[in-house]
Every structure is written in structure tokens, then in C-alpha cells.
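please find the sequence and the predicted model below.
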Amino acid sequence: MRPATSGVATMESVSYSLQHFLEPTSLLGAMVYGVIFLGGAFFIAQLISVSLKRSRKFFSDTREAIFISQLLRATIYVVAFILYAHLISALRSLGTALLTGASVVSIIVGLASQSSIGNIIAGFSIFLFRRFHIGDRLQVSTPKGLVTGTIEELTLGCTTLRSSDNEEVVIPNNLMINSIVIRISSKGDEDRSL
């Protein structure tokens, strides 16, 4: 008959091995956490990619969905790496430096591209609220005066109209959101009349 203490000792050694296995300060623990963070980032990135593929009907151009998907996926991988580097003590100073550097870079990029980011956010608003559609006939105010035209293209940055004089009028989405636009006819009106 075996002594009862050997079973307890075995359980303690298994518990110690498991704790050592998940300890981020050890090489094995760092590798396990690296696999967990990489797998989690990959899973979230794939989930976002599939969600955007299913919601392509909200985008007039597939390039916009691809751009948003790539931007979000890159952001997820960068955030996962920064969090991983912050968790592992040997990489903690690198993680802190990356987090600080990312903050500074985002402020600089944000200030440098205020109008572009404003146009992209306005583009999201146009897509989200579906204010305009390709084929709608609008009247907008431009430096040349009032222009009447048909929407040919809607992107995240700008809206393109074809005027009655066959001129291409490119309007930043920020102006489309902040100005008064008269919708003369809608593509949906033409579909209902048929």
C-alpha cells in the first residue's frame, strides 16, 4: 500500500508545473502567451473580415470594405503585440515604448490629416445613414454656383457628380454632410415608376 502523501506531492508538482508553464517570465510561458495572443488576434481579425464581407452591401465600392478590413486587422495585430510585449517582463520596456510611440504618432497623424480624417468620418456617416445613393440627382452649391448632377461614385473620401454640362464634380464628403443638398430625384423614385 502506498502512502497517501505521494498523491498529494504529485498533485502539488503538477500544480507547480502548470503554474510554471503559464508564468510569463519563463521562456515556455512567454511562448504560450505569444501563441495565445497571436491566435486571439488572428481569430478577431478573421471575425472582422467575415463581418465586413457580409456587410458589403453597405459599401458602394468593394475597395472601401477591403481598406477598412485591412486597417482594422493591422490595428488588432499591433494592439495584440503591444499588450503581449507589456505582459512579458523582458519586453515590458519595449511595450511601453511602443505604446507611447503609437500615441505620439497617432496625435501627429491626426493633426496632419484633420481634413482627410473628417472626410472619411463623413463618408462613414453617408454610408451609415444612407443619405445618398449612386444614381440620385442632386443640386449642390459649389464655387461656380449651384450645380445639378447625378451621383456617379460614393467613396469614403468624396462624392463624384456628373453635372448637366457633362462636368465631373468631386465634392469632399465633409462638405456633403455640412452643406444643404437638394435631392431632385432618387434612384428609388425611378425604380418605383417602372
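Thanks, I have it.

any idea which element the residue nearest the centre of the chain lies in?
With distances taken as C-alpha atoms, centre = their mean, L72 lies nearest the centre of the chain, 3.4 Å away. Taking DSSP states H and E as the criterion, L72 maps to helix 62-87.

re the thing from before, and the gap between the closest residue to the residue nearest to the centre of the chain other than its chain neighbours and V169?
Excluding the flanking residues, the one nearest L72 by C-beta to C-beta, 6 or more residues apart in numbering is I48, at 5.1 Å. (Glycine included, C-beta is placed from N, CA and C.) Counting by C-beta to C-beta, to the nearest Å, the gap from I48 to V169 is 34 Å.

quick check: longest strand of this structure.
Determined from DSSP state E, the single longest strand within the chain is strand 145-154.

list the contacts of that strand.
With contacts defined as C-beta atoms under 8 Å, 6 or more residues apart in numbering, strand 145-154 is touched by 60-61, 123, 126-127, 132-141, 159-164, 167-169, 184.

what do you get for stretch 75-83?
37-38, 40-41, 44-45, 48, 95, 98-99, 102.

average model confidence for that stretch?
Stretch 75-83 comes out with an average pLDDT of 85.

can I get it in PDB, CA atoms only?
Output of stretch 75-83 as PDB, limited to C-alpha atoms (Å, rounded to 0.1, in the frame of the first residue of the first chain):
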ATOM      1  CA  THR A  75      -4.700  47.600 -35.700                       C
ATOM      2  CA  ILE A  76      -5.700  44.300 -34.000                       C
ATOM      3  CA  TYR A  77      -2.300  42.800 -34.600                       C
ATOM      4  CA  VAL A  78      -0.500  45.900 -33.400                       C
ATOM      5  CA  VAL A  79      -2.600  46.100 -30.200                       C
ATOM      6  CA  ALA A  80      -2.100  42.400 -29.600                       C
ATOM      7  CA  PHE A  81       1.700  42.800 -29.900                       C
ATOM      8  CA  ILE A  82       1.800  45.800 -27.700                       C
ATOM      9  CA  LEU A  83      -0.300  44.000 -25.000                       C
END
